[in-house]
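Novice: Predicted model and sequence follow; I will ask about them next.
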Amino acid sequence: MHIPQALTIAGSDSGGGAGIQADLKTFQELGVYGMSVITAITAQNTAGVQGVYPVEMAGIVQQLHSIGDDLQPVAVKTGMLFSAEIIREVAQAVQAYGWTTLVIDPVMVAKGGSVLLQEQAVQALIQELLPLAAVITPNVPEAELLIGRPIRTLAEREQAASQLIDMGARAVVIKGGHDTSTAQAIDVLYDGRSFHYVEGPRIHTPHTHGTGCTYSAAITAELAKHNDLLTAVQTAKAFVHAAIEDGLGIGSVHGPTNHFAYRQRRAVR
Ligand SMILES: Nc1ncnc2c1ncn2[C@@H]1O[C@H](COP(=O)(O)OP(=O)(O)OP(=O)(O)O)[C@@H](O)[C@H]1O
Ligand SMILES: Cc1ncc(CO)c(N)n1
């Protein structure tokens, strides 16, 4: 039996809704074998982040080698990378092991405001990792930090996507979850040739913990199955939409999304 394989390089969310946990659940739901390199442990729940504990560098490097020396992920994603030092080691491994189908989710702050990427690491992300991206998936505030100016309109989002291509990414998805000015949640995909608007109705709910991780993990899983990027992004959008819509009602504040929902809906069709 051939099983598609994917790797996530990200932080652990003890609450299970974001980070490594969201990634592995998403891979599994989409029929993909998941592997992980844990960069940091967060003590986290639906109320916020209570603590951040980066894994010691030797432990991160060894996880990268353990995977690269033995296993062959077809697609790889990065999430929380925390420091410039971690970014550098990840960029080196990505090049050394030829992980060319690289999805970069440039995780910077958690929804409650906790720092998941140190300020001084943004330049390392731009210079060392971004040029290796098959696709980078910033939300609007992350894209603003990467390009260094505000993004207000969809036209400005298209310009930002184009600038991120000039900075070295092969494709860009600027996500619309944060732009509450439109009734649709619109994600702008640009591959350097054409723009695609991948959209769905905005769901009014506070329970969106881990949406970004889940979405980029779904794109990674679909790329691991050798789907083209537009198809992967469309499937990821359907996956995260179902996950938000069928929220689990877990936790007291910003609950996690429902990683079972997409597969359950397809099963009853
Ligand atoms: N309320 C919503 N209704 C429908 N879709 C949404 C909603 N919020 C986010 N999305 C979708 O979820 C996906 C992730 O986008 P989002 O902008 O939430 O990412 P993010 O801010 O990086 O998430 P996170 O805070 O978990 O890092 C996108 O496809 C976006 O359009
Ligand atoms: C570990 C981790 N990664 C990413 C996010 C962003 O949602 C989070 N809250 N926690």
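Specialist: Arrived safely, thanks for sending. Numbers count the residues shown, from 1 in each chain. Ligands and ions are numbered 1, 2, ... in the order given.

Novice: hey, which strand is longest across the chain?
Specialist: Determined from DSSP state E, the single longest strand within the chain is strand 33-45.

Novice: Okay, helices next: where are they in this protein?
Specialist: 19-29, 57-68, 84-96, 122-124, 140-147, 154-166, 211-224, 229-245, 261-268 (DSSP state H).

Novice: what's next to the shortest one, contact-wise?
Specialist: Translated: helix 122-124. Residues outside helix 122-124 that contact it (CB atoms under 8 Å, 6 or more residues apart in numbering): Ala84, Ile87, Arg88, Met108, Leu145, Leu146. From N, CA and C alone the C-beta is placed, and that goes for glycine too.

Novice: Could you do the last one as well?
Specialist: Outside helix 261-268, the residues within contact range by CB under 8 Å, 6+ apart are Glu29, Leu30, Ala238, Phe239, Ala242, Ala243, Glu245, Asp246.

Novice: could I get the helices of the chain as JSON lines with mean neighbour count?
Specialist: Listed next are the helices of the chain as JSON lines, based on neighbours: other CB atoms under 10 Å:
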{"stretch": "helix 19-29", "mean neighbour count": "25"}
{"stretch": "helix 57-68", "mean neighbour count": "16"}
{"stretch": "helix 84-96", "mean neighbour count": "19"}
{"stretch": "helix 122-124", "mean neighbour count": "17"}
{"stretch": "helix 140-147", "mean neighbour count": "20"}
{"stretch": "helix 154-166", "mean neighbour count": "18"}
{"stretch": "helix 211-224", "mean neighbour count": "28"}
{"stretch": "helix 229-245", "mean neighbour count": "21"}
{"stretch": "helix 261-268", "mean neighbour count": "13"}
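
Novice: I'm done for today, thanks for sticking with me.
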